[in-house]
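> Show me how the following folds:
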Amino acid sequence: MNSFEIQKIVSAILITILVVFGIGKISDFFFNKDPELVVAYKVDPPEGMSDKKEMGSSELDLKAMFALADLAHGEKVFKKCAACHSIKQGGGNKIGPKLWNVMFRSVGAVEDYKYSKSLISYKKEWTWEEMNGFLIKPSSWIKGNKMGFAGLKDEKDRASVILYLNQNSDNPKTLP
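Coordinates of the predicted model:
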């Protein structure tokens, strides 16, 4: 191989690197990632619903949501939760607290589990509305909690998991 061939190979590698990095820089220029520079419009909630937690919590919304619920589907979706939570009666805590009898229990009530300060100070109970809101996105429903789960965006998934949690109880409640 002569020096001209080596020069062509090195030049091709350098040009490829420059093109790849150049495309990255050009796309950063056109698609700015700085959130402070994003232009957006604020959409206010409907009149009478000033708090995000009030939205979607009406009894009619819950009835419609639970109409989608399926216990077998809830058991299947709960497998995402089973990596961190035990649902068995008498089961122990894992990374997260045990969830037997979780519905209508006070938030942060499992004695032998170390909750985050935000969950301990929340002072509510796991109602239909609370559990639904929490399962949408735990980190935004109760700020500062240590649950790293992204949430369940699908309404049927949430309704089915809530139904499954309710059934795994000493005293399951009737759905709204």
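> so who does the residue nearest the centre of the chain touch?
Geometric centre of the chain, nearest residue: Gly151, 1.8 Å, by CA atoms, centre = their mean. Neighbouring residues of Gly151 by CB atoms under 8 Å, 6 or more residues apart in numbering: Leu135, Ile136, Lys137, Pro138, Ser139. Quick note: C-beta positions are derived from backbone N, CA and C, even for glycine.
> Identify the residues contacting the lowest-mean-pLDDT helix or strand in the chain?
None of the helices or strands of the chain scores lower by mean pLDDT, DSSP states H and E than helix 59-67, at a mean of 80. With CB under 8 Å, 6+ apart as the test, helix 59-67 has contacts from Trp128, Glu129, Asn132, Glu155, Arg158, Ala159, Ile162, Leu163, Leu175, Pro176.
> One more pass at 10 Å, please.
For helix 59-67, the surrounding residues in contact (CB atoms under 10 Å, 6 or more residues apart in numbering) are 55-56, 58, 127-129, 132, 155-156, 158-160, 162-163, 166, 175-176.
> Stretch 105-121 too?
Under CB under 10 Å, 6+ apart, the answer for stretch 105-121 is 92-94, 96-102, 122-126, 130-131, 134, 138, 142-147, 169.
> what about 8 Å?
With CB under 8 Å, 6+ apart, stretch 105-121 has contacts from 93, 96-98, 122-126, 130, 142-146.
> Of the residues you listed, which is the nearest to His73?
Trp126 (20.1 Å; CB to CB).
> Spit out the contact partners of the closest one.
Contacts of Trp126 by CB under 8 Å, 6+ apart are Val102, Met103, Phe104, Arg105, Ser106, Val107, Phe134.
> at 6 Å instead, please
Val102, Met103, Arg105 (CB atoms under 6 Å, 6 or more residues apart in numbering).
> which phi and psi does the first one have?
I take that to be Val102. Here is the backbone geometry of Val102 (degrees, to the nearest 10): phi -70, psi -30.
> again, but for the one 4 residues further on
Recorded main-chain torsions at Ser106 are phi -60, psi 140, according to degrees, to the nearest 10.
> Need the contact partners of the next helix-or-strand element following the least confident helix or strand of the chain.
Once the chain leaves helix 59-67, the next helix or strand it forms, by DSSP states H and E, is helix 71-77. For helix 71-77, the surrounding residues in contact (CB under 6 Å, 6+ apart) are Asp157, Ser160, Val161, Leu163, Tyr164.
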